[in-house]
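with the input below, show me the fold.
(one chain, ligands or ions: 2)
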Amino acid sequence: MILILRPDLQGPSTTLDEIDSIARCHEGVEVKTYEFQGTRHRFTEVHLVGQTSTVPTDPFELLPGVLRVIRVSTRYRMIGRHASDHEAAGFHYNGVDFDQHHVHVMAGLCAVDTREHVDAMFAALQANGLETSRMGAYKPRTSPYDFQGLGATCLPWVFESAGRHGVKVVSMEVTDARHIEEIQGALAQSGNATGVMLQVGTRNAQNFELLKAVGQQREFPVLFKRGMGITLEESLNATEYIASEGNPNIVFCLRGVKSHLGDPHRNLVDFGHVPVVLRQTRLTVCIDPSHSVGRGAVAPDGIPDIFHVTGQGIVAGATGVLVDFHPHPARALCDGPQALLPEELPRLIAYVRTMRGAYEAAVESFRGAPVG
Ligand code: PEP
Ligand code: MN
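Numbers count the residues shown, from 1 in each chain. Ligands and ions are numbered 1, 2, ... in the order given. Okay, the predicted model is just below:
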């Protein structure tokens, strides 16, 4: 059972005490409190866990501080969308809103290699008015002989350059809990020149200790990549781990699934799942067209496949695009064939804007239609 307190409630402790004393009358019921900072409101949820099926809802509903009481039928207690009118949470981080209303292109290098390339990339973002990026320092590679990323050594100059170019959020994969501390340390030394969204990669989608570690800190939001070889339900359960440890600021990223049925694309593009994730959860949904398609092929209409699938994700309601760029793809140490050129950034931004416009027009045309 979930009790949603009135948003922005001043001094919720009275309500929390009242809830506690009612809950204590029922054996086997544990009370857990969670705070969320949505983009518009701050709200508190109290979760009653355990033997709640015989606990009546009325005594809680009568409390003035309680907005709504929901019996949870879904397994996604934290990330789930429990009632059709429940506000999708979203969050605000380092001056940027991540929610259903703000679309972000998070463009950058798959793997950080040189300062020149990082500077050139951030300069391109700044020239195009973008404040969000991606930069890989810790790379999980299939072969131990492939470039593993520069690790902590590159963090000071990556963060300094991001700050100098007005980039506010850098999505950066972590493959081990100690990377979080390294990022924390380097960011602090840079005078918090920028912000970081901790990325959990597809290969770590069920690394439960890593999920717990990114969930136990609340300094950084988390961008979770759908597991490439597991069901959507398993991936959603993985994000539930992060939220249940205390961090609800999660972006769920679709990036394709491993199957030769997707050939010649690198992965089978799964952006048809955007509305499914939006319906089942209150998470912000992002797509990664680069790791889905994996190549720079262009369709006969002149539009690259990477653009086409980006459009498919945005038209379906995704509000984030995590995308690989490189000033010299041939020299990239990781995933060069799927990297776009900085010169293509204006076209990508315009294309995303067009597709978002189409999505918003479609939503408008369905206004008032029955919701199934
Ligand atoms: C990445 O985004 O750099 C990456 C490795 O992606 P994925 O985990 O989706 O393969
Ligand atoms: Mn990559």
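
which residues touch the residue in the stretch 201-350 of the chain positioned nearest to ligand 2?
Taking C-beta to the ion as the measure, the stretch 201-350 of the chain has Asp335 as its residue closest to ligand 2, at 3.8 Å. (Each C-beta comes from the backbone N, C-alpha and C, glycine too.) Neighbouring residues of Asp335 by C-beta atoms under 8 Å, 6 or more residues apart in numbering: 110-111, 290-291, 294, 324.

measure the residue lying closest to Ala111 once chain neighbours are set aside to Ser143 for me?
Of all residues not flanking Ala111 in the chain, Cys334 sits nearest, at 3.8 Å (C-beta to C-beta, 6 or more residues apart in numbering). Shown here: Cys334 relative to Ser143, a distance of 11 Å by C-beta to C-beta, to the nearest Å.

got it, and Ala193?
Taken as C-beta to C-beta, the span from Ala193 to Ser143 is 34 Å.

now Pro327
Noted for Pro327: a distance of 25 Å to Ser143, by C-beta to C-beta.

more neighbours: those two, which one.
Remark: of Pro327 and Ser143, Pro327 carries more neighbours, 20 against 7, as counted by other C-beta atoms under 10 Å.

which strand or helix spans that one?
According to DSSP states H and E, Pro327 maps onto no helix or strand at all.

what's the burial count for whichever residue of the stretch 201-350 of the chain sits closest to ligand 1?
Scanning the stretch 201-350 of the chain for the residue nearest ligand 1 gives Gly201, at 3.0 Å (criterion: C-beta to the nearest ligand atom). Per other C-beta under 10 Å, the neighbour tally for Gly201 reads 23.

checking Val49 next. Helix, strand or coil?
Secondary structure for Val49, judged by DSSP: H, G, I helix; E, B strand; the rest coil, is strand.

for stretch 36-54, output the C-alpha coordinates as CSV.
Written as CSV, here are the backbone C-alpha positions of stretch 36-54 (Å, rounded to 0.1, in the frame of the first residue of the first chain):
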residue,chain,number,x,y,z
PHE,A,36,10.8,12.7,-4.3
GLN,A,37,11.7,16.0,-5.9
GLY,A,38,9.6,16.3,-9.0
THR,A,39,10.1,19.1,-11.5
ARG,A,40,7.1,20.9,-10.1
HIS,A,41,6.6,19.6,-6.6
ARG,A,42,8.3,17.9,-3.8
PHE,A,43,6.3,14.9,-2.6
THR,A,44,6.6,12.3,0.1
GLU,A,45,5.3,8.7,-0.2
VAL,A,46,4.9,6.3,2.6
HIS,A,47,5.0,2.6,1.6
LEU,A,48,3.4,0.0,3.9
VAL,A,49,5.3,-3.2,3.2
GLY,A,50,4.3,-6.7,4.3
GLN,A,51,0.9,-8.1,5.3
THR,A,52,-1.2,-5.2,4.0
SER,A,53,-4.0,-7.0,2.3
THR,A,54,-6.3,-6.8,5.4
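
what is the mean pLDDT for it?
In this model, stretch 36-54 has a mean pLDDT of 82.

give the contact list for Thr319.
Residues in contact with Thr319, defined by C-beta under 8 Å, 6+ apart, are 98-104, 284-286.

try it again at 10 Å.
The contact partners of Thr319, taken as C-beta atoms under 10 Å, 6 or more residues apart in numbering, are 88, 90, 97-104, 251, 274, 278, 284-287, 313, 356, 359.

helix/strand/coil for the residue nearest the centre of the chain?
For the chain, the residue whose C-alpha lies nearest the mean C-alpha position (C-alpha atoms, centre = their mean) is Val251; its distance is 1.4 Å. Assigned with three-state DSSP, Val251 falls in the strand class.

could you say which helix or strand holds the closest residue in space to Tyr351 that isn't next to it in sequence?
The spatially closest residue to Tyr351, leaving aside those adjacent along the chain, is Phe307, at 5.6 Å (C-beta to C-beta, 6+ apart). For Phe307, the enclosing helix or strand under DSSP H and E is helix 305-315.

so which bits of the protein are right by ligand 1?
With C-beta under 6 Å from any ligand atom as the criterion, the chain meets ligand 1 at residues 110, 136, 173, 201-203, 225, 255, 288, 291.

mind listing what Val96 touches?
Going by C-beta under 10 Å, 6+ apart, the list of residues near Val96 reads 102, 104, 131-132, 168-169, 195, 197, 221.

what pLDDT is listed against the residue nearest to Tyr351?
According to the prediction, Phe307 has pLDDT 98.

so it touches Ile349, yeah?
No: contact status for Phe307 versus Ile349: not in contact, 11.3 Å apart, counting by C-beta atoms under 10 Å.

between the two, tell me which one has more neighbours.
Neighbour tally, Phe307 and Ile349, criterion other C-beta under 10 Å: the higher count belongs to Phe307, 22 against 17.

identify the residues contacting the more buried one.
When contacts are taken as C-beta under 10 Å, 6+ apart, Phe307 is in contact with 289, 293, 298-299, 323, 340, 344, 347-348, 351-352, 355.

with Asn249 instead?
Under the criterion of C-beta under 10 Å, 6+ apart, the contact partners of Asn249 comprise 36-37, 89-93, 98, 197-198, 218-223, 242-243, 283-284.

any quick ChimeraX command for the buried ones out of those residues?
Selecting the buried subset of these in ChimeraX, with 16 or more other C-beta atoms under 10 Å as the burial test, is done by:
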select :36,37,89,90,91,92,93,98,197,198,220,221,222,223,242,243,283,284
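
among the contacts of Asn249, which ones are in helices?
Using DSSP state H, the subset of the contacts of Asn249 located in helices is 242-243.

show me where the protein has strands.
Taking DSSP state E as the criterion, the chain carries its strands at 2-5, 29-37, 42-50, 66-70, 91-93, 96-98, 104-109, 132-135, 169-173, 195-200, 222-225, 250-254, 284-287, 320-324.
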